[in-house]
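Chemist: Below: sequence and its predicted model.
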Amino acid sequence: ALYNFHKDTMKARIVPFAGYHMPVSYPLGGVAEHLHCRKSVGLFDVSHMGQVRFRGKHAKDLLERVTVVDTQALNHGQASLSMLMLPSGGIKDDCIITKLKDDDFYVVFNGACKYTDLEHINQVKDAEFKGKDVSIEYKEDRSLLAIQGPKSQGLLEKVLGY
């Protein structure tokens, strides 16, 4: 959704990545951008990431089966970095799991792996959670922004009116 802003306004260098046009650098330069974010705040367009909702009475059980997250330890609105596990015990990928409500989770997967990650989870769901109350909804039509840096909380509070 921010393609024209990146390309025309910010003069970003755009490259193909996971089926998207990804901005990778700007005229300011990578070192200056990094240092600015480390001391202030930076906005990152991460719309290429996979955004998935897991809902239902057994959503927590499926997530605990395929990742290492403890869904019971998360409070509503709290997120945790987790790992998507292979049947062999190896790590397939990482993800961020946010508990919205007891039966509603928002999960972000890496952009390049999101389809294979979803395929892996759906295989487990079909094999072990058939007939259980769990739905998986991939949100392909949404953008995603990440605000990072030590001043990000203050900026968000100002924008949101806190």
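Modeler: Nice, I can see it. Numbering: from 1, shown residues only.

Chemist: buried set for the single longest helix found in the chain?
Modeler: Looking across the chain with DSSP state H, the single longest helix is helix 114-128. Using 16 or more other CB atoms under 10 Å as the test for burial, helix 114-128 gives K114, D117, L118, H120, I121, K125. Yep, even glycine has a C-beta here, placed from its N, CA and C like the rest.

Chemist: which one of those is nearest G30?
Modeler: K114 (25.3 Å; CB to CB).

Chemist: and the residue nearest to the closest one when sequence neighbours are not counted, what is it in contact with?
Modeler: Spatially, and ignoring its direct neighbours in sequence, K114 is nearest to G50 (2.8 Å; CB to CB, 6 or more residues apart in numbering). Neighbouring residues of G50 by CB atoms under 8 Å, 6 or more residues apart in numbering: V107, V108, F109, N110, G111, C113, K114, Y115, D117, L118, Y138.

Chemist: what's the spacing between G50 and V159?
Modeler: Separation of G50 from V159 (CB to CB, to the nearest Å): 26 Å.

Chemist: Which residues does the helix or strand where Q153 lies contact?
Modeler: If you go by DSSP states H and E, Q153 is part of helix 152-160. Here helix 152-160 makes contact (CB under 8 Å, 6+ apart) with V41, I147, Y162.
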